[in-house]
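1. here is the input, now give the coordinates:
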Amino acid sequence: MVTFPNIAGFEFLIAMLCILGFVVLVIAVVILVVWLVRRNNKSTLVAPDQTASNQAALNIAQERYARGEITREQYQQIVADLSQK
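-> Coordinates of the predicted model:
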């Protein structure tokens, strides 16, 4: 028959490993949630700012075209470039 000389120490080690595993799992879940929230906020915050910036640039291009500072081709290229972003 196999006997373990220090069974209380063995049980303590297993309990500590279980607790450590649980703590690591909780930390991993918290990091995942923080990463998802930050990723979601970046995608929603960038789009409206970029849209406003593109609209402002388009307005400037329209004004410059109306004043004759740029040609029709230059204006169309600016519009095409802004629509790609």
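2. quick check: phi and psi on the residue most central in space within the chain?
-> Nearest to the mean C-alpha position of the chain, by Cα atoms, centre = their mean, lies residue 39 at 2.2 Å. With angles defined as degrees, to the nearest 10, residue 39 sits at phi -60, psi -40.
3. also residue 68?
-> According to degrees, to the nearest 10, residue 68 has phi 80, psi 20.
4. need the per-residue pLDDT for it.
-> Per-residue pLDDT puts residue 68 at 93.
5. that one and residue 23, how far apart?
-> Distance from residue 68 to residue 23, counting by Cβ to Cβ, to the nearest Å: 69 Å. Bear in mind the C-beta positions are built from the backbone N, C-alpha and C, glycine included.
6. tell me which of the two has more neighbours.
-> residue 23 (10 against 7; other Cβ atoms under 10 Å).
7. quick one: pLDDT of that one?
-> Note for residue 23: predicted pLDDT of 96.
8. report the contact partners of it.
-> Listed by Cβ atoms under 8 Å, 6 or more residues apart in numbering, the contact set of residue 23 is empty.
9. where does it land in three-state SS?
-> helix (DSSP: H, G, I helix; E, B strand; the rest coil).
10. what's the distance between the closest residue to residue 70 other than its chain neighbours and residue 57?
-> Leaving aside its chain neighbours, residue 70 sits nearest to residue 64 (4.9 Å; criterion: Cβ to Cβ, 6 or more residues apart in numbering). Going from residue 64 to residue 57 by Cβ to Cβ gives 11 Å.
11. the residue nearest to the centre of the chain and residue 66, how far apart?
-> 41 Å.
12. just residue 14 next, same as before
-> From residue 14 across to residue 66, the span is 78 Å (Cβ to Cβ).
13. centre of the chain to the strand or helix carrying residue 12, how far?
-> In the assignment (DSSP states H and E), residue 12 maps to helix 7-67. Relative to the chain's own centre, helix 7-67 is displaced by 5 Å; criterion: Cα atoms, centre = their mean, to the nearest Å.
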